[in-house]
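turn this into a structure:
(one chain, ligands or ions: 1)
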Amino acid sequence: MMHAVSENDTNSTDGKSSDDGILMDHNYRKMTMTELKDMLGNEKVSKNQKKKINKQIKWLETADARKALRKKRKVKHKEKNIAEGRKRPKFETITTVEDFHLLCHIAVDLSFDKLMTNRDIQKLGKQIAWCYKENRRSTHPVQYHICGLEERLGSSLDPSYKNWDVHFDKAPLESFPKDKITYLTAESENVLEEFKPGIVYVIGGLVDHNHQKGLCQRLADENGIVTARLPLEENIDIKTRRVLTVNHVFEILLAYRETKSWKEAILKIMPQKKLTPTSRKSNNVNDSNT
Ligand SMILES: C[S@@+](CC[C@H](N)C(=O)[O-])C[C@H]1O[C@@H](n2cnc3c(N)ncnc32)[C@H](O)[C@@H]1O
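The predicted model follows:
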């Protein structure tokens, strides 16, 4: 295809028309190699323009080499991160139905759909997506179970969630034996001491601004399910209420798997505003709040 030549040429810096005054309305960067070569053969194209066309041809000729170099650099960077323990090898599948008793499990119970406004459902969607991202990145990922996902929450998520590397399960009691479930609640009398493999630690999928105070504890009690609370006040000075968001609970458990220290894990994840100045001082890690 032949292009007329114009002053609007984005490669052109001199803003002059060609020698014989033909207007040039092309952009070399958008042209294919054949089109550029065609133009070179056009005797009406000025010397100056030919210089720019040749420059663009050279740029296109070296495109593959530049792409290969970029790829090489990326691979090297990724290998360095993995070697230094900053990143897990990507695309390694986490989710498995094997070795249940040897692996660590966290479930989010999504059976509270009807208690939430559309806005809170969206917030919950962001929280469970955040948990997914953090788990994928973690050097010690857990088996992540999303239990009882309903349409309203599903449609608030990016459609790619269908390909997430997680377990999409039914409600916790329909998916796991009762004696393998520990329901996490802020109100429990039991303090979580260990994050044991073979037990499913369930987080209530609820954004309720404390309007449903104690709901998960009540439901767990009614169903004879063991409950536990995170060991917050045992490890830090905390100044506000002890009810955390779904993602903070999830992230504290993940961080505990990595650090083997509740204190370190809690300080790393807890929003700074919930800590007293003393706790904040002993914590140099930034607030990882979403
Ligand atoms: C925003 S809270 C929901 C509070 C809700 N009123 C309830 O009845 O649980 C989301 C979930 O995080 C978990 N959670 C929050 N704070 C916790 C804590 N201090 N210890 C253990 N689990 C906690 C619970 O599973 C809770 O259901």
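
got the residues of this structure near the ligand?
In this structure, the chain approaches the ligand at residues 184-186, 203-204, 206, 208, 212-216, 229-230, 232, 242-246, 249, judged by CB under 6 Å from any ligand atom. Just so you know, the C-beta spots here come from the backbone N, C-alpha and C atoms, and that holds for glycine as well.

just the ones in strands from the residues you listed, please.
Secondary structure of the residues of the chain next to the ligand is defined by DSSP state E; positions in strands are 184, 203, 204.

may I have the beta-bridge partners of the second one?
Bridge pairing for residue 203 (DSSP bridges) gives the partners residue 108, residue 184.

number of nearby residues for it?
By other CB atoms under 10 Å, 25 other residues sit near residue 203.

wait, it touches residue 110, no?
No: in this structure residue 203 lies outside contact range of residue 110 using CB atoms under 8 Å: 10.1 Å.

coming back round to it: just the closest of the ones in strands among the residues of the chain next to the ligand to the ligand, please.
residue 204 (2.4 Å; CB to the nearest ligand atom).

can you get me a residue count around that closest one?
Residue 204 is flanked by 22 other residues according to other CB under 10 Å.

ok, which stretches of this protein are helices?
With DSSP state H as the definition, the chain shows helices at residue ranges 33-40, 47-61, 63-83, 118-137, 151-156, 172-175, 215-222, 246-259, 262-269, 277-281.

tell me which of the ones you listed sits nearest to residue 197.
Taking CB to CB as the measure, these were each checked against residue 197, and helix 246-259 came out nearest at 10.1 Å.

for that closest one, buried residues please.
Applying a neighbour-count criterion of 16 or more other CB atoms under 10 Å, one finds 246, 247, 248, 249, 250, 251, 252, 253, 254, 255, 256, 257 buried in helix 246-259.

likewise for stretch 41-59?
Using 16+ other CB under 10 Å as the test for burial, stretch 41-59 gives 45, 46, 49, 52, 53, 56, 57.

how about the CA coordinates for that stretch, as PDB?
Backbone C-alpha positions of stretch 41-59 (Å, rounded to 0.1, in the frame of the first residue of the first chain) are rendered in PDB as follows:
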ATOM      1  CA  GLY A  41      11.200   2.800  -4.000                       C
ATOM      2  CA  ASN A  42       9.100   5.900  -4.600                       C
ATOM      3  CA  GLU A  43      11.200   8.500  -6.300                       C
ATOM      4  CA  LYS A  44       8.900  11.300  -5.000                       C
ATOM      5  CA  VAL A  45      10.000  10.600  -1.400                       C
ATOM      6  CA  SER A  46      12.700  13.000  -0.200                       C
ATOM      7  CA  LYS A  47      16.200  12.100   1.000                       C
ATOM      8  CA  ASN A  48      15.300  13.200   4.400                       C
ATOM      9  CA  GLN A  49      12.200  11.000   4.500                       C
ATOM     10  CA  LYS A  50      14.200   8.000   3.200                       C
ATOM     11  CA  LYS A  51      16.600   8.400   6.000                       C
ATOM     12  CA  LYS A  52      13.800   8.100   8.500                       C
ATOM     13  CA  ILE A  53      12.200   5.200   6.700                       C
ATOM     14  CA  ASN A  54      15.600   3.400   6.800                       C
ATOM     15  CA  LYS A  55      15.800   4.100  10.500                       C
ATOM     16  CA  GLN A  56      12.300   2.600  11.000                       C
ATOM     17  CA  ILE A  57      13.200  -0.500   8.900                       C
ATOM     18  CA  LYS A  58      16.300  -1.100  11.000                       C
ATOM     19  CA  TRP A  59      14.200  -0.800  14.100                       C
END
